[in-house]
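Can you look at this prediction? I've put the sequence above it.
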Amino acid sequence: MGEWAKVMPTTSLLITLGTILILMVGGPLVLQGKMTVGELVAFNAYLVMLSGPVQQLAWLVNAVGEIGGRSAAPARDPGTRPRNSNPRLWQFRSAA
């Protein structure tokens with residue numbers, strides 16, 4: 001399983017938990033008259049607006065990690081030939 005398969009559900013879960021927390025804390029405040037419904041909706045909208053860049057940042061970190069993992073592949077010993085180095089495969093024949 002790739003790292004992105006772990007990161008994406010985690011960020012989605014955190015955003016969902018944030019929304020639940022906003023509603024659990026803000027709901028009683030609205031019922032008590034200490035907060036308006038519009039303020040609660042606006043606060044939830046701020047969380048939604050923040051979630052997009054956070055998910056993009058998580059995607060970027062994952063992509064950079066994959067690039068770093070690919071470039072860290074073991075290098076071939078310069079004294080050895082590649083596995084598919086049949087000299088006949090590299091000969092050019094005329095098309096005439």
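Sure, I can see it. Residues are numbered from 1 along each chain as shown.

Please, where are all the helices along this structure?
Here the chain has its helices, by DSSP state H, at 4-31, 37-71.

Can I get the ones you listed in CSV including mean neighbour count and mean pLDDT?
Using the backbone N, CA and C atoms, a C-beta is placed for each residue, glycine as well. Formatted as CSV, those follow (neighbours: other C-beta atoms under 10 Å; pLDDT from 0 to 100):
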stretch, mean neighbour count, mean pLDDT
helix 4-31, 13, 87
helix 37-71, 12, 84
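
contacting residues for residue 43?
22, 26 (C-beta atoms under 8 Å, 6 or more residues apart in numbering).

Report the separation between it and residue 20.
Distance from residue 43 to residue 20, counting by C-beta to C-beta, to the nearest Å: 13 Å.

just residue 9 next, same as before
In terms of C-beta to C-beta, residue 9 sits 16 Å off from residue 20.

With residue 44 instead?
In terms of C-beta to C-beta, residue 44 sits 11 Å off from residue 20.
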